[in-house]
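In: Prediction below, plus the sequence it came from.
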Amino acid sequence: MTDSKYFTTTKKGEIFELKAELNSDKKEKKKEAVKKVIASMTVGKDVSALFPDVVNCMQTDNLELKKLVYLYLMNYAKSQPDMAIMAVNTFVKDCEDPNPLIRALAVRTMGCIRVDKITEYLCEPLRKCLKDEDPYVRKTAAVCVAKLHDINAQLVEDQGFLDTLKDLISDSNPMVVANAVAALSEIAESHPSSNLLDLNPQSINKLLTALNECTEWGQIFILDCLANYTPKDDREAQSICERVTPRLSHANSAVVLSAVKVLMKFMEMLSKDLDYYGTLLKKLAPPLVTLLSAEPELQYVALRNINLIVQKRPEVLKHEMKVFFVKYNDPIYVKLEKLDIMIRLASQANIAQVLAELKEYATEVDVDFVRKAVRAIGRCAIKVEQSAERCVSTLLDLIQTKVNYVVQEAIVVIKDIFRKYPNKYESVIATLCENLDSLDEPEARAAMIWIVGEYAERIDNADELLESFLEGFHDESTQVQLQLLTAIVKLFLKKPTETQELVQQVLSLATQDSDNPDLRDRGYIYWRLLSTDPVAAKEVVLAEKPLISEETDLIEPTLLDELICYIGTLASVYHKPPSAFVEGGRGVVHKSLPPRTASSESTESPETAPAGAPPGEQLDTVPTQGDLLGDLLNLDLGPPVSGPPLATSAVQMGAVDLLGGGLDSLMGDEPEGIGAPSFVAPPAAAVPANLGAPMGSGLSDLFDLTSGVGTLSGSYVAPKAVWLPAMKAKGLEISGTFTRQAGSISMDLQLTNKALQVMTDFAIQFNRNSFGLAPAAPLQVHAPLSPTQTVEISLPLSTAGSVMKTEPLNSLQVAVKNNIDVFYFSTLYPLHILFVEDGKMDRQVFLATWKDIPNENEAQFQIRDCPLNAEAVSSRLQSSSIFTVARRNVEGQDMLYQSLKLTNGIWVLAELRIQPGNPSFTDLELSLKCRAPEVSQHVYQAYETILKN
């Protein structure tokens with residue numbers, strides 16, 4: 001008979017009977033009773049009264065009975081902590097049982113009993129199990145350490161379990177290695193700053209060796225751990241990729257996605273010119289295609305991940321378009337996702353195939369799918385210019401079907417095509433106007449009104465068409481009302497004599513009869529424009545519109561890079577970083593792809609690019625001019641800074657371009673290049689009138705050095721890092737860091753000649769960057785650099801160079817020339833080198849500015865495990881020109897209100913809440929407010945760097 005009989009009883013007075021049976025001398029009766037207890041517990045009955053009786057049954061050799069008792073213990077130990085202590089002796093005893101299954105069972109249960117009182121009794125048994133001769137016991141004990149750390153982290157650290165866990169990474173059994181990695185990863189996630197998984201080439205080698213022997217879950221743990229490692233160079237990255245690639249053919253889809261994540265991450269470090277890079281691309285496609293033959297739920301997860309991969313590296317699947325064609329029995333969520341990827345992969349080569357497929361989808365019965373298919377045709381037209389005409393004729397065919405929702409979607413899409421290709425397909429307007437009466441959706445009506453207004457001069461009865469919409473003006477949605485107002489004003493500016501009455505009518509409806517503030521405001525603006533200056537009105541309303549971009553729904557590059565690091569997790573399905581959906585800060589670490597070495601990509605290494613190539617092809621971190629912060633970066637949000645330029649002589653850079661044209665393409669056609677006659681030094685920051693403490697604060701005012709410019713304390717200087725390895729620069733190795741001392745910014749360089757020939761004729765030039773950093777003097781290497789020789793140089797920098805927003809904001813592209821060649825590299829500079837010394841705000845000004853900056857500009861961050869108290873934090877930050885304006889204590893927490901100012905005049909205000917943790921470490925909550933919220937993330941990084949180093 002099966003065990004289901006235990007769940008069918010509904011007797012009363014059962015507890016007493018069970019109590020008697022549990023204390024029976026007969027083993028079989030005891031076992032039956034415990035099964036009944038577990039059954040009652042499972043269906044939700046409270047059987048906690050039987051705790052002592054069940055615990056007495058632990059003293060048995062029967063493994064099945066022991067498992068049942070342990071199950072009961074795990075469930076009730078929390079509600080009966082005093083009773084749970086009774087079980088400790090049995091645990092200790094079971095941890096020394098000759099049977100490894102019982103030892104492992106005991107240690108597993110110990111980890112699941114989350115009772116503080118008994119954790120210290122479990123340390124000794126756990127220590128023995130971690131060094132047990134049986135690998136099954138060791139692997140179970142490894143996971144127990146992570147569970148124990150969750151209950152009492154301090155105890156685990158004091159007992160030295162973390163070191164034992166690190167030793168298990170070198171264990172001979174692969175499953176032990178996998179569980180040790182899993183446990184350390186779990187602990188490291190809750191303590192991001194602890195650096196528990198201190199990975200190095202030796203430990204990586206051990207993990208890769210264990211990878212082949214593990215179970216599938218063990219492989220996932222190891223692959224996820226590998227994904228957090230940054231190889232020291234492209235050779236190591238290639239070596240790891242070669243050893244991870246066989247995992248792509250694993251039967252478990254989670255293993256495949258974890259392997260894809262590792263490869264996608266390390267491919268960043270490989271040069272596109274390598275044969276291996278092309279081989280790897282070819283190897284990535286088949287496993288991803290195979291995932292699409294699984295059940296629909298798995299397909300959806302795979303498709304969401306493929307969507308990210310295709311955005312990052314479309315070449316991986318460019319020949320696999322057919323696998324994304326929709327099947328008749330696909331669920332709608334799979335169909336929509338496939339459609340999205342089809343558009344991303346659409347190119348001139350496959351557009352005919354894609355369009356034929358999309359036209360077929362547009363006749364399906366599923367309304368949502370048909371709508372998206374019609375939109376997809378429009379997106380193809382915008383993406384592949386050569387196909388635009390074919391797309392428009394396909395859309396016209398669909399309009400002829402007279403299916404209401406198809407017609408409406410087609411009109412919305414054609415409006416976008418008109419925006420992309422003005423004055424090209426206007427012949428279709430007549431067909432669109434025929435379907436005017438059938439439009440009932442706001443978006444379609446608004447699109448049609450826009451088309452009529454935009455091409456009013458070509459439509460004979462444009463005024464009649466717009467007047468027909470005007471009849472039910474107040475019943476229309478806001479979107480349609482706004483579009484109608486603009487369209488009629490456009491019509492009036494094109495045909496003033498015929499439409500005067502119409503424009504007065506719409507302005508009156510929008511301003512006097514409407515209670516929508518947006519509509520009223522737009523109405524009044526048009527009214528005033530038309531009544532005061534019709535010529536200006538024409539210039540504003542009929543101005544040439546920018547062309548719409550081909551990919552409006554691409555994920556922003558930095559977010560995409562972060563999501564690539566989370567392939568195979570929920571983040572890759574939601575397309576959101578974990579911080580957006582994981583509650584609280586615990587366990588959320590911002591990840592990013594490894595930085596590229598100078599020649600790891602042909603697009604970044606002009607050694608492999610022709611000297612005359614346009615800048616966009618040489619450094620892919622330089623965005624287009626169109627998305628610049630522009631005015632924002634030049635806004636002077638603080639008090640005006642005035643004063644004469646520094647009295648230094650302009651630095652003569654020579655009448656010829658030292659870099660021999662090699663940099664012309666990198667720097668654009670800027671006259672301020674190295675070929676220009678001189679650099680102008682930036683204006684000296686004048687001493688503000690009173691940005692220090694308020695008057696009347698006695699002697700503190702006299703000695704308040706922080707309120708002026710005169711502080712000579714230097715800000716934090718990061719250790720030198722290798723920016724340009726010798727193997728990428730024909731033997732020249734460049735290491736460096738950035739410093740700020742007494743108001744001057746320097747780039748401290750170390751040049752090492754690892755070639756066999758002497759190096760001379762050095763020069764340096766920067767690409768345009770977000771804060772206008774530029775060399776303020778030539779690169780002075782006074783003597784020829786002999787082989788094996790190293791020279792240290794401090795290059796003064798100014799912030800008077802050309803400004804162009806880069807991504808990320810603090811990236812800097814540098815070109816260095818010597819007698820051998822021109823070399824390029826990019827690096828990131830810490831933002832605190834741009835914090836000026838007169839950044840202390842008056843208290844009143846601070847308060848007013850904080851209130852004035854909108855709340856949506858506020859960004860919040862956490863700095864965990866800071867080893868400083870409030871006094872030390874304030875002092876440390878002040879040395880890097882972050883000034884404490886006020887300080888108060890609220891409910892035992894220190895609050896610091898701080899201000900800083902960047903070299904381009906942007907002020908950043910901060911509220912730092914210091915939460916005392918354990919005596920040696922505190923947690924800080926940082927709120928930043930700034931009119932240019934783009935800088936907040938980098939200011940937070942500066943805070944973290946300064947406080948933790």
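Out: Happy to help now that I have it.
In: Can you list the low-confidence ranges for the chain?
Out: Applying pLDDT under 70 to the chain flags residues 1-13, 192-195, 550-552, 584-590, 595-714, 916-920.
In: Distance check, the residue most central in space within it against His575.
Out: Geometric centre of the chain, nearest residue: Leu559, 3.4 Å, by CA atoms, centre = their mean. Using CB to CB, to the nearest Å, Leu559 is found at 8 Å from His575. Backbone N, C-alpha and C define where each C-beta goes, glycine included.
In: Kindly report the same for Thr119.
Out: From Thr119 to His575 the distance is 40 Å (CB to CB).
In: Verify the contact between Leu298 and Ser253 for me.
Out: Yes: contact status for Leu298 versus Ser253: in contact at 5.8 Å, counting by CB atoms under 8 Å.
In: which residues are in contact with both of those two?
Out: Taking CB atoms under 8 Å, 6 or more residues apart in numbering as the criterion, Leu298 and Ser253 both touch Leu291.
In: The two: which is more packed in?
Out: Ser253 (19 against 14; other CB atoms under 10 Å).
In: could you list every residue that touches the more buried one?
Out: Counted by CB under 8 Å, 6+ apart, Ser253 has contacts 291, 294, 298, 301-302.
In: and the residue lying closest to Arg114 once chain neighbours are set aside, what is it in contact with?
Out: Spatial nearest neighbour of Arg114, chain neighbours left out: Ile151 (5.4 Å); criterion: CB to CB, 6 or more residues apart in numbering. Counting by CB under 8 Å, 6+ apart, Ile151 touches 114, 116, 119.
In: Phi, psi for the residue nearest to the centre of the chain please.
Out: With angles defined as degrees, to the nearest 10, Leu559 sits at phi -70, psi -40.
In: hang on, isn't Pro81 packed against Thr119?
Out: No: in this structure Pro81 lies outside contact range of Thr119 using CB under 8 Å: 10.9 Å.
In: In terms of neighbours, single out the busier of these two.
Out: Neighbour totals were compared for Pro81 and Thr119, and Thr119 leads with 18 against 15 (other CB under 10 Å).
In: Spell out which helix or strand contains the more buried one, please.
Out: helix 116-119 (DSSP states H and E).
In: Residues contacting the very next helix or strand once past that helix, please?
Out: The element immediately downstream of helix 116-119 (helix or strand, assigned by DSSP H and E) is helix 123-130. With contact meaning CB under 8 Å, 6+ apart, helix 123-130 is reached by 91-92, 95-96, 103-104, 106-107, 110, 137-138, 140-142, 144-145, 148, 155, 159, 161, 164-165, 168.
In: Show me which positions of helix 123-130 end up buried.
Out: Within helix 123-130, the residues scored as buried using 16 or more other CB atoms under 10 Å are 123, 125-126, 128-130.
In: Can you measure across stretch 265-283, start residue to end residue?
Out: Using CA to CA, to the nearest Å, the end-to-end distance of stretch 265-283 comes out at 15 Å.
In: Quick check: buried residues in that stretch?
Out: Buried positions in stretch 265-283, judged by neighbour count with 16+ other CB under 10 Å: 265-272, 277, 280-281, 283.
In: In helices, which of those residues fall?
Out: Mapping the buried residues of stretch 265-283 onto helices (DSSP state H) picks out 265-266, 277, 280-281, 283.
In: Output the residues you listed as TSV; include the columns distance to Asn205.
Out: Output for these, formatted as TSV (distance: CB to CB, whole Å):
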residue	distance to Asn205
Lys265	18
Phe266	15
Tyr277	23
Leu280	20
Leu281	26
Lys283	22
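In: Which of those residues sits closest to Val428?
Out: Among those, Leu281 lies closest to Val428 (CB to CB), at 40.6 Å.
In: Does the residue lying closest to Cys225 once chain neighbours are set aside belong to a helix, a strand or coil?
Out: With CB to CB, 6+ apart as the criterion, Cys225 has its nearest non-adjacent residue at 4.8 Å, and that residue is Val181. Three-state call for Val181 (DSSP: H, G, I helix; E, B strand; the rest coil): helix.
In: Could I get the contacting residues of Val181?
Out: 169, 197, 207, 221-222, 225.
In: Distance check, it against Leu902.
Out: Taken as CB to CB, the span from Val181 to Leu902 is 42 Å.
In: What about Glu944, how many residues nearby?
Out: 18.
In: Does Leu65 touch Asn56 like I think?
Out: No: using CB under 8 Å as the test, Leu65 is too far from Asn56 to be in contact (11.6 Å).
In: hang on, the earlier thing: as TSV, the contacts of Val181 with distance to Gln750 would be great.
Out: Putting the contacts of Val181 into TSV (distance: CB to CB, whole Å) gives the following:
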residue	distance to Gln750
Ile169	35
Leu197	30
Leu207	33
Phe221	40
Ile222	37
Cys225	33
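In: most surrounded residue in these?
Out: Most surrounded of the contacts of Val181: other CB under 10 Å gives Ile222, at 29 neighbours.
In: What helix or strand is that residue located in?
Out: helix 216-227.
In: For that helix, C-alpha coordinates in PDB please.
Out: The C-alpha trace of helix 216-227 is given here as PDB (Å, rounded to 0.1, in the frame of the first residue of the first chain):
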ATOM      1  CA  GLU A 216      25.200  20.100 -14.900                       C
ATOM      2  CA  TRP A 217      24.400  22.300 -11.900                       C
ATOM      3  CA  GLY A 218      28.000  22.200 -10.900                       C
ATOM      4  CA  GLN A 219      29.000  23.300 -14.400                       C
ATOM      5  CA  ILE A 220      26.600  26.300 -14.200                       C
ATOM      6  CA  PHE A 221      28.100  27.400 -10.900                       C
ATOM      7  CA  ILE A 222      31.600  27.200 -12.300                       C
ATOM      8  CA  LEU A 223      30.700  28.900 -15.600                       C
ATOM      9  CA  ASP A 224      28.900  31.800 -13.600                       C
ATOM     10  CA  CYS A 225      32.100  32.100 -11.500                       C
ATOM     11  CA  LEU A 226      34.300  32.200 -14.700                       C
ATOM     12  CA  ALA A 227      32.000  35.000 -16.100                       C
END
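In: how near is Glu157 to Cys112?
Out: The gap separating Glu157 from Cys112 is 21 Å, by CB to CB.
In: Over to Asp416?
Out: On the measure of CB to CB, Asp416 and Cys112 end up 57 Å apart.
In: next one: Ala388
Out: For Ala388, the distance to Cys112 (CB to CB) stands at 63 Å.
In: what does Leu465 give?
Out: 72 Å.
In: Those two: which has the busier surroundings?
Out: Neighbour comparison, Leu465 and Cys112: the larger count goes to Leu465, with 20 against 14 (by other CB under 10 Å).
In: check contacts around that one.
Out: 433, 436, 452, 459.
In: And the furthest pair within those?
Out: Farthest pair in the contacts of Leu465, by CB to CB: Leu436 and Ile459, 11.0 Å.
In: higher neighbour count, those two?
Out: Set Leu436 next to Ile459 and count neighbours by other CB under 10 Å: Ile459 wins out with 21 against 15.
In: And the contacts of the helix or strand containing Ala237?
Out: Assigned by DSSP H and E, Ala237 belongs to helix 234-244. By CB under 8 Å, 6+ apart, the surrounding residues in contact with helix 234-244 are 201, 204, 208, 211, 223, 226, 229, 231, 259, 262-263, 266-267, 269-271, 274, 276, 280, 594, 597, 600.
In: Kindly export it (C-alpha atoms) in PDB.
Out: Provided in PDB are the C-alpha atoms of helix 234-244 (Å, rounded to 0.1, in the frame of the first residue of the first chain):
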ATOM      1  CA  ASP A 234      43.600  38.400 -24.900                       C
ATOM      2  CA  ARG A 235      45.700  35.200 -24.900                       C
ATOM      3  CA  GLU A 236      44.300  34.100 -21.600                       C
ATOM      4  CA  ALA A 237      40.800  35.100 -22.700                       C
ATOM      5  CA  GLN A 238      41.200  32.900 -25.800                       C
ATOM      6  CA  SER A 239      42.600  30.000 -23.800                       C
ATOM      7  CA  ILE A 240      39.500  30.100 -21.500                       C
ATOM      8  CA  CYS A 241      37.100  30.400 -24.400                       C
ATOM      9  CA  GLU A 242      38.700  27.300 -26.000                       C
ATOM     10  CA  ARG A 243      38.100  25.300 -22.900                       C
ATOM     11  CA  VAL A 244      34.600  26.500 -22.300                       C
END
